[in-house]
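Engineer: Fold the following, please.
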Amino acid sequence: MFASLLGIIIGAGLSVQTPINSELRKIVKSPVLSSMVSFIVGLIFLAIITIAIGSTIGIPIELFRSQPAWIWFGGLCGAVFLTANILIFPKLGSVETTVMPIIGMITMSMLIDTFGWFNSAQQPFGINRILGIFFLLLGVFLAVALKEIRNSRRTSSTKKEKKGNPWTWRIVGIVIGTAMPMQTAINAQLGNVLNSYTKASLVYFLVASITLIIIVGLKDRTYSHMKKAFKPSAPWWIWFGGILGGINVFTNIYLVNKLGTGQTVILQLSGQITGSLLVQHFGLLRSKKNRIVSIQIIGLIIMFIGLILINI
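Structural biologist: Next up, the predicted model:
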C-alpha cells in the first residue's frame, strides 16, 4: 500500500516538474537546452546526495566487463524520449503527443513484466491486467484527450503541422513511449548491480546529460543562452525541475524492486496525469489556467479503477 501511494505521489511530483521546465524553456529559448540544464542540475544534486551518505562516486572497472552493455544506457533512453517528444509535437499536436507515448509506455511495461526482460521479475498477464489496461486507457482518454479534442474543433485557428502520413508519426510516438519503462527497468537492474539506488540514479543522469550536451551542440550549436537562467529576473524555482527528476528516478528504482516495472510505470503515470490536471486547474507555477471539468473527473475515477485491477 505504501509503495503504491509513493508511486502516485512521485508521479504527481513530475507534474510539477513540467511547468518548471516549461518556464526554463521560455528563458533559455530552447527546449533541448532546458532539458540539458535540468539533467545537469539533477546530476549535481545526486552527486551531492551520494557523497553526503558516505558512498563513493566511482564504479569498479570490472563491472564494465562483467555486466551487459545495456545496463549503462538508461539515461540514453531518457534523453531520446525527451528529444523525440519535441520532434513529434509539431507533427501530431498536443493530444496525440501525450496519448501515443502512453500507449507505448503501458505496452512495454506489461511486456517487461510478462517476459522478465532486463532481468526483471516476471509477473503473469491475466484477465485483471487486461481489464485494468482497458480502464486505464479509457480513463486517460477522458481525462486528457477528450477535452483537448473538443477545444481543437472549436478553435479553427489551431492547426497541426502534418507532413506525410500521420500514422508514421503516431507509430514513432508509440515507439518512443517504450523508452520510459525500459529506462525504469534498466535503472532498477543497475541499482541492484551497484547495490546503491543513488549511484544508479547518478549514472542515469550522467549518461543523459552527456547525450543532451551532444544533442544541443548538434541542434542549437551554442550553449550561450544558459546564462539567461542566471539573470535576477529569472524565478528561483526554475532550478528545482532537475532535483524533482533526480528524486523521481531514485524512487522508481526502489519501487521496481517492490512492485515490478509495469505497476511502477502505471502508478507514476496516473499520479502525473492527476497532478497535471490540478496544476492547470489552479494555474500553478505560471502555467495557463485550465479548469478541470466533470468528464475529466470521471476519467480519473475510471483510471484508478484500472489501477486497482492491475494491482489485484
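Engineer: Only C-alpha atoms from now on, for both contacts and neighbour counts.
Structural biologist: Will do.
Engineer: low-scoring stretches of this structure, by residue?
Structural biologist: In the predicted model, the chain carries pLDDT under 70 at residues 94-95, 148, 151-165, 312.
Engineer: Please repeat the previous calculation with a cut-off of 80.
Structural biologist: 1, 86-87, 89-98, 145, 147-167, 286, 288, 311-312 (pLDDT under 80).
Engineer: centroid residue for it?
Structural biologist: Computing the C-alpha centroid of the chain and ranking residues by Cα atoms, centre = their mean puts residue 180 first, at 6.3 Å.
Engineer: Figure out how far whichever strand or helix holds that residue is from the centre of its chain.
Structural biologist: Residue 180 belongs to helix 179-194 when assigned by DSSP states H and E. In terms of Cα atoms, centre = their mean, to the nearest Å, the centre of helix 179-194 is found 14 Å from the chain centre.
Engineer: so after it, what's the next helix or strand?
Structural biologist: helix 197-219.
Engineer: Which positions in the helix holding residue 180 come out as buried?
Structural biologist: 179-191 (16 or more other Cα atoms under 10 Å).
Engineer: Now do that helix: which elements does it pack against?
Structural biologist: When contacts are defined as 3 or more Cα pairs under 8 Å, 6 or more residues apart in numbering; DSSP states H and E, helix 179-194 packs onto helix 74-92, helix 94-115, helix 197-219, helix 240-259, helix 261-282.
Engineer: If we use 6 Å, what do you get?
Structural biologist: helix 74-92, helix 197-219 (3 or more Cα pairs under 6 Å, 6 or more residues apart in numbering; DSSP states H and E).
Engineer: Switch the ones you listed over to TSV; also include distance to residue 254.
Structural biologist: Listed next are those as TSV, based on distance: least, Cα to Cα, whole Å:
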stretch	distance to residue 254
helix 74-92	15
helix 197-219	7
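Engineer: Just say which of those helices is most tucked in.
Structural biologist: Across those, averaging neighbours per residue (mean count of other Cα atoms under 10 Å) puts helix 197-219 on top, at a mean of 21.
Engineer: Name the residues that touch it?
Structural biologist: Residues outside helix 197-219 that contact it (Cα atoms under 6 Å, 6 or more residues apart in numbering): 36, 39-40, 43, 46, 50, 74-76, 79, 190-191, 250.
Engineer: circling back to that earlier point, so which of the buried residues of helix 179-194 is the closest to residue 144?
Structural biologist: Closest approach to residue 144 among the buried residues of helix 179-194 (Cα to Cα): residue 180, at 19.1 Å.
Engineer: OK, contacts around residue 113?
Structural biologist: Applying Cα under 6 Å, 6+ apart, the residues contacting residue 113 are 122-123.
Engineer: how close does it sit to residue 92?
Structural biologist: 30 Å (Cα to Cα, to the nearest Å).
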